[in-house]
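**Student:** Whatever this is, show me its structure:
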Amino acid sequence: MPLTARDRETGRVQMAALVDGFHRNLTHCTASSYLEASVRQDYINPFWQALGWPIGEQPGVAPSLRDVCIE
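**Tutor:** Numbering: from 1, shown residues only. Next comes the predicted model:
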């Protein structure tokens, strides 16, 4: 299903917030103590959600048919 203009604008706002949050927390985000799982939760999953990807639960959809499979 194509994204609407409203979806695209919402995605732009979400993406801008992610970039801003990363820059404000640059020292923390680049520290070796910042775990991969935290990066995924804080930035990667929200990045894909901003692009309209269904991240997380997809009730009623078989795992083999889901758009995104969590590893």
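
**Student:** going forward, measure contacts between C-alpha atoms and count neighbours the same way
**Tutor:** OK.

**Student:** List the contacts of the spatially most central residue of the chain.
**Tutor:** Central residue of the chain (C-alpha atoms, centre = their mean): Pro46, 2.0 Å from the mean position. Pro46 makes contacts with Gln14, Leu18, as judged by C-alpha atoms under 8 Å, 6 or more residues apart in numbering.

**Student:** okay, it: pLDDT?
**Tutor:** Model confidence at Pro46, given as pLDDT, is 93.

**Student:** Which of the helices or strands spans it?
**Tutor:** helix 45-50 (DSSP states H and E).

**Student:** next one: that helix to chain centre, how far?
**Tutor:** 2 Å (C-alpha atoms, centre = their mean, to the nearest Å).

**Student:** Walking through this protein, point out its helices one by one.
**Tutor:** Assigned by DSSP state H, the chain shows helices spanning 5-24, 26-29, 36-39, 45-50.

**Student:** Quick one: the ones you listed as CSV, columns for distance to Leu65 too.
**Tutor:** As requested, these are exported to CSV (distance: least, C-alpha to C-alpha, whole Å):
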stretch, distance to Leu65
helix 5-24, 24
helix 26-29, 33
helix 36-39, 24
helix 45-50, 18
